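below is the sequence, then the predicted model.
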Amino acid sequence: MLQAFSALLVAVVAAVLMAVIACFGLIFVFWRGAPYLPTFQTEIDRLFKSIKLPKRALVVDLGSGDGRLLKTAAENGFAAVGYEINPVLWLLSSWRLRKLKNVKVRFRSLWKADLAEADMVFIFGITRIMSKLEVKLDCELKSGATLVCNTFELKKAKQTRHLGTLHLYKF
């Protein structure tokens, strides 16, 4: 009886701990960036069919969520790096993409992302971070790099294309 109670207690404590970690992750992410809202796979597919990238392009996803954009980039022959600060989403995408050699998922804020070698950067940002993000992009993106913003637009940069909810910019 005592053994069954101990096992139940451990299970309850573990569940509560996981709930606290998940809630903290969601609150932290919302405070530092955008909430998790996945981009529709149809939009990702349309993007990769219509965009021209170099053969050995590097695709960077700022706030990579469940990793669906990274997976599609890898399936199209590109190297991909995702940055995710939500620990639950980082674990999920790391697990889902573990067998893809040309994909990395980093548990790191988008503000610490290295964009110097990126040929394409993707982000679902929110209005309050876009001005600060535009400064980072202006400083770090190489000439000719493409930025894809889902839903939210940049204020100063000139948009080159529009695909559904995706806004494309050339730097």
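On my side now, so go ahead.

show me where this protein has helices.
Taking DSSP state H to define them, one finds helices in the chain at 2-32, 41-50, 68-75, 87-96, 127-140.

now do the last one: distance to the chain's middle.
When C-alpha coordinates are averaged (CA atoms, centre = their mean, to the nearest Å), helix 127-140 and its chain have centres 16 Å apart.

residue 92 versus the residue lying closest to residue 142 once chain neighbours are set aside, what's the distance?
Among residues not flanking residue 142 along the chain, residue 116 sits closest, at 6.6 Å (CB to CB, 6 or more residues apart in numbering). (Each C-beta comes from the backbone N, C-alpha and C, glycine too.) Applying CB to CB, to the nearest Å, the value for residue 116 to residue 92 is 28 Å.

quick one: which of these two has more around it?
Relative neighbour count places residue 92 above the other of residue 116 and residue 92, with 16 against 11, counting by other CB atoms under 10 Å.

once you drop chain neighbours, what's closest to that one?
Per CB to CB, 6+ apart, closest to residue 92 is residue 66, 5.7 Å.

hang on, the earlier thing: the residue nearest to residue 142 touches residue 145, doesn't it?
No: using CB atoms under 8 Å as the test, residue 116 is too far from residue 145 to be in contact (9.6 Å).

not counting residues beside it along the chain, what's closest to the residue nearest the centre of the chain?
The centre of the chain sits closest to residue 64, judged by CA atoms, centre = their mean, with a distance of 1.7 Å. Among residues not flanking residue 64 along the chain, residue 82 sits closest, at 2.7 Å (CB to CB, 6+ apart).
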